[in-house]
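Peer 1: Whatever this is, show me its structure:
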Amino acid sequence: MPLTTDEDIRQLLTEARTIAVFGCSDRPDRPSYGVSAFLQRHGYRMLPVNPQITGERVHNEFVWRDLGQIGVPIDIVDIFRRPIAAGEAVDQAIAAGAKAVWMQLGIVNEDAAARAEAAGLKVVMDRCTKIEIMRLGVPAIEAAD
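Peer 2: Predicted coordinates:
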């Protein structure tokens, strides 16, 4: 079952340090652009993923083609893709060993969620990371010395 309780979602967001934003845009008018900036300001290591702008930079971070390229542990894959395309992101998250997948507002893909859960990943659907962080009062991550 996808995570739905405030307690479970708060715990996921509090324990996470690295969030890959799948479908991150370089266009300021896109929701993924604003949410990725917020995640970065909140102290998360934000890793943008978008094959259309691979090698460019979003919020001073290198844009990766796919999750398999990243090479560091990923706590959450924050998915900004249409529901039908979310399955590809979930499959990459499973292959990359991510701990959780988070489908943004309006994104529900039960088949992809079931695959993620079967592989041991936590799943959140139809919620916004930024909204939930603010609503639940998730503290900002302190920079390590």
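Peer 1: can you map out the helices along the chain?
Peer 2: Along the chain, the segments classed as helices by DSSP state H run 6-15, 31-41, 86-96, 110-118, 129-136.
Peer 1: Pull out the buried positions in the last one.
Peer 2: When you say that, I think you mean helix 129-136. By 16 or more other Cβ atoms under 10 Å, the buried positions in helix 129-136 come out as Thr129, Lys130, Glu132, Ile133. Any C-beta I mention is one placed from the backbone N, CA and C, and that applies to glycine too.
Peer 1: To Glu61, which of the helices of the chain lies closest?
Peer 2: Across the helices of the chain, Glu61 has its closest neighbour in helix 31-41 (7.5 Å, Cβ to Cβ).
Peer 1: Residue ranges in the chain under the pLDDT threshold?
Peer 2: 143-145 (pLDDT under 70).
Peer 1: beta partners for the residue nearest to the spatial centre of it?
Peer 2: In the chain, the residue lying closest to the centroid (Cα atoms, centre = their mean) is Asp78, at 1.7 Å. Counting by DSSP bridges, Asp78 is bridged to Val21, Trp102.
Peer 1: How much space separates it from Gly55?
Peer 2: Per Cβ to Cβ, to the nearest Å, Asp78 is found 21 Å from Gly55.
Peer 1: Restricting to C-alpha, output stretch 69-86 in CSV.
Peer 2: Only the C-alpha atoms of stretch 69-86 are listed here, as CSV (Å, rounded to 0.1, in the frame of the first residue of the first chain):
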residue,chain,number,x,y,z
GLN,A,69,23.9,7.3,-14.5
ILE,A,70,23.8,9.0,-11.1
GLY,A,71,25.9,6.5,-9.2
VAL,A,72,25.1,7.6,-5.7
PRO,A,73,22.4,6.3,-3.4
ILE,A,74,18.9,7.8,-4.1
ASP,A,75,16.5,8.1,-1.2
ILE,A,76,13.4,9.3,-3.2
VAL,A,77,12.7,9.5,-6.9
ASP,A,78,10.3,12.5,-7.3
ILE,A,79,8.4,11.8,-10.5
PHE,A,80,7.1,14.7,-12.7
ARG,A,81,5.8,12.6,-15.6
ARG,A,82,2.3,11.8,-16.9
PRO,A,83,0.8,8.8,-15.2
ILE,A,84,1.4,6.5,-18.2
ALA,A,85,5.1,7.5,-18.3
ALA,A,86,5.6,7.1,-14.5
